[in-house]
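Asker: what's the 3D shape of this:
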Amino acid sequence: MYELYAVKIPTDRKAPLEGDVVTNADASPDPNTGEMQVSLTMNQEGSKTWANMTTRAAQNGNREIAIVLDNEVVSAPRVNGPITGGRSQISGNFTTQEAQDLATVLEVGKLPARTQIIQESLVGPSLGQKTSMPVLMPY
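Answerer: As a prediction, the model looks like this:
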């Protein structure tokens, strides 16, 4: 079974929050219900933006906020009310593995992903020329 989400993309095509504002994410059982949940903590900048986003979502009928990684929605928790302290809990019938996976995605999201060229090779037109050397191939 698949769930479809309509995700509102800002005109500048930039997410309102990026993973670099996440300071901690971990999975643990809710002490009251025993159900798995994911706790999320953000830095001061993220906390302000998150407070605005969750306030708007709560005022618009407790809407969901999508968590997206590589253009795929990995979770879309419903906002039950404004979250103004920078700490959130995401719950929703998670298995232990699902909660740990979501926490890992949120933790990975805070890592900078920059491209760095480690080695560069130039291939010329002689690469495909016939040679008289034998070619050994495993069989």
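
Asker: Could you tell me which residues within whichever strand or helix holds T55 count as buried?
Answerer: When secondary structure is defined by DSSP states H and E, T55 falls within helix 44-59. Along helix 44-59, these residues count as buried under the neighbour rule (16 or more other C-beta atoms under 10 Å): 46-47, 50-51, 53-54, 57-58. In short, each C-beta sits where N, CA and C put it, glycine included.

Asker: Make JSON lines from the residues you listed and add pLDDT to it.
Answerer: Shown next, in JSON lines, are the buried residues of helix 44-59 (pLDDT from 0 to 100):
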{"residue": "G46", "pLDDT": "92"}
{"residue": "S47", "pLDDT": "94"}
{"residue": "W50", "pLDDT": "93"}
{"residue": "A51", "pLDDT": "95"}
{"residue": "M53", "pLDDT": "92"}
{"residue": "T54", "pLDDT": "93"}
{"residue": "A57", "pLDDT": "92"}
{"residue": "A58", "pLDDT": "93"}
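
Asker: what's the closest of those to V108?
Answerer: G46 (15.8 Å; C-beta to C-beta).

Asker: what pLDDT does I67 get?
Answerer: pLDDT, I67: 88.

Asker: Excluding covalently adjacent residues, which one is nearest to it?
Answerer: Nearest in space to I67, with sequence neighbours left out and distances taken as C-beta to C-beta, 6 or more residues apart in numbering, is S75 at 4.5 Å.

Asker: residues contacting that neighbour?
Answerer: By C-beta atoms under 8 Å, 6 or more residues apart in numbering, S75 lies in contact with 66-67, 90, 102.
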